[in-house]
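> how does the following fold in three dimensions:
(4 chains)
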Number of protein chains: 2
Amino acid sequence: MTDRSHPAGKPIRTAITDEDGIDFAIIELFFFAYRDFTSDPDQILSDYGFGRAHHRVLHFVNRRPGLTVAELLDVLKITKQSLARVLKQLIDTDHIVQLQGPRDRRQRELYPTAKGRALALALARPQSRRIHAALEDAGATERTLIERFLEAMVNPELRAQIDIVPAKTSGKSHGDH
Amino acid sequence: MTDRSHPAGKPIRTAITDEDGIDFAIIELFFFAYRDFTSDPDQILSDYGFGRAHHRVLHFVNRRPGLTVAELLDVLKITKQSLARVLKQLIDTDHIVQLQGPRDRRQRELYPTAKGRALALALARPQSRRIHAALEDAGATERTLIERFLEAMVNPELRAQIDIVPAKTSGKSHGDH
DNA sequence: AAATTACGTCAACAGTACTGACATAATTTC
DNA sequence: GAAATTATGTCAGTACTGTTGACGTAATTT
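Next comes the predicted model:
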């Protein structure tokens, strides 16, 4: 691997750092944090033969019961075909049911069953525990700060999707959008 | 879809909320934030025929020049085979070079080339811009808070990997590990 | 000399994403 | 009312990233 037939570039031996004007520290932390954040539910899901995609569908159907297929596609930002497989499995295993739209009978409103709700909660539990642990010695102020940071990381056009959800007890309304 | 041959569960029409004792707000924000966080580099990578896996390899080789294949596998937590494919491509395209380990000649030390460093920077730039924008009206205190939160989200056993990296100018040392 | 380690590679497979095309039923538009 | 559009479902084919298990080679350690 030292003798190469083509003119290979010379090795750079110095590390890239934040000095280059780039936030490598947070970039890297975000990677590690998200990886571990998803690892707990992934573990549980494999018992069901499900993957991360099933989790996401289950999550949003529980968060916004009655949302249509089109709305779900828009939230997840995936294609119809990608959704079709996992949604079908979740329906076949009785985690989600479809109801014909009341106004528009072409639409399928998606609702969790008791089974689907239970699984959604089971998957969210370790994630919530992890979040609580991370915020252990943090007050409400810090918590709000984290939420604002994460929300600010989302593309502005898509932030509307986030606020669709029923307000929390403590109220997360910071502004009036 | 309304007539089913098996006894389907009844639809639950109420949304899951934070009242269930679970941090759904942050769980969801984390999903959206990470999705958009990775979307910018994904865009650039597709021009090279690369994927997210290439980005991660490139990132860590730039962050820890000279790390061995075994170390990289340990950081990424993927299998040898998963790494092999993308690493080979990065070497073939002259983004990364391998040098025989000085002490142990079985080892391959991985270094970025100028080309590899440039790509790593190009990929990190939009991510860093996004982070800066999200922290726009936040001070150094908030920044440290975000870092601590993200670090606390990582599995404790793995936190050591994070601190391998050269210290930042401002110093992120909170403690003396 | 034998066992172990670091790395590379091969075959086979799974999960999740993509594109593009086509079909059906329901709604909207002209 | 006929035509266009919309919501959904489905099919075929493909790409990327991950997995397991097996095998080979060179280098190091025991």
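
> so who does the residue of chain A found nearest DNA strand D touch?
Closest contact between chain A and DNA strand D, by C-beta to the nearest atom of the strand, is at A:Ala70 (2.8 Å). Backbone N, C-alpha and C define where each C-beta goes, glycine included. Taking C-beta atoms under 8 Å, 6 or more residues apart in numbering or on different chains, we find A:Ala70 in contact with A:Gln107.

> show me the strands in chain A, by range?
Assigned by DSSP state E, chain A shows strands spanning A:67-68, A:96-100, A:108-112.

> which of those is buried the deepest?
Of all the strands of chain A, strand A:108-112 has the most neighbours on average by mean count of other C-beta atoms under 10 Å in any protein chain shown, namely a mean of 22.

> anything in it near chain B?
Yes: residues of strand A:108-112 contacting chain B under C-beta under 8 Å from any C-beta of the partner chain: A:Arg108, A:Tyr111, A:Pro112.

> B:Arg106 versus the residue nearest to the first one when sequence neighbours are not counted, what's the distance?
Spelled out, that is A:Arg108. In space, and not counting its chain neighbours, A:Arg108 is closest to A:Gln98: 4.3 Å by C-beta to C-beta, 6 or more residues apart in numbering or on different chains. From A:Gln98 across to B:Arg106, the span is 57 Å (C-beta to C-beta, to the nearest Å).

> quick one: the helices in chain A, in order.
For chain A, applying DSSP state H gives helices covering A:24-48, A:52-63, A:69-76, A:80-92, A:114-134, A:140-153, A:159-162.

> among these, which is nearest B:Asp36?
Of all the helices of chain A, it is helix A:140-153 that lies closest to B:Asp36, at 6.4 Å by C-beta to C-beta.

> so what does that closest one touch, helix or strand wise?
Identification of packing neighbours for helix A:140-153 by 3 or more C-beta pairs under 8 Å, 6 or more residues apart in numbering or on different chains; DSSP states H and E yields helix B:24-48, helix B:114-134, helix B:140-153.

> go again using 10 Å as the cut-off
If contacts are counted by 3 or more C-beta pairs under 10 Å, 6 or more residues apart in numbering or on different chains; DSSP states H and E, helix A:140-153 sits against helix A:114-134, helix A:159-162, helix B:24-48, helix B:114-134, helix B:140-153.

> okay, the residues of strand A:108-112 next to chain B in JSON lines with pLDDT next?
Formatted as JSON lines, these follow (pLDDT from 0 to 100):
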{"residue": "A:Arg108", "pLDDT": "97"}
{"residue": "A:Tyr111", "pLDDT": "98"}
{"residue": "A:Pro112", "pLDDT": "98"}
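
> between the residues you listed, which sits nearest B:Gly21?
Distances from B:Gly21 to these, taken by C-beta to C-beta, are shortest for A:Pro112, at 17.4 Å.

> which residues does the closest one bridge with?
Beta bridges link A:Pro112 to A:Ile96, judged by DSSP bridges.

> which ones are touching it?
A:58-59, A:61-63, A:65, A:90, A:95-97, A:118-120, B:9, B:11-16 (C-beta atoms under 10 Å, 6 or more residues apart in numbering or on different chains).

> if we go to 8 Å?
Per C-beta under 8 Å, 6+ apart, neighbours of A:Pro112: A:Leu58, A:Val61, A:Asn62, A:Pro65, A:His95, A:Ile96, A:Val97, A:Ala120, B:Pro11, B:Ile12.

> is it true that the residue nearest to A:Arg108 touches A:Lys88?
No: applying C-beta atoms under 8 Å, one finds A:Gln98 not in contact with A:Lys88, separated by 10.4 Å.
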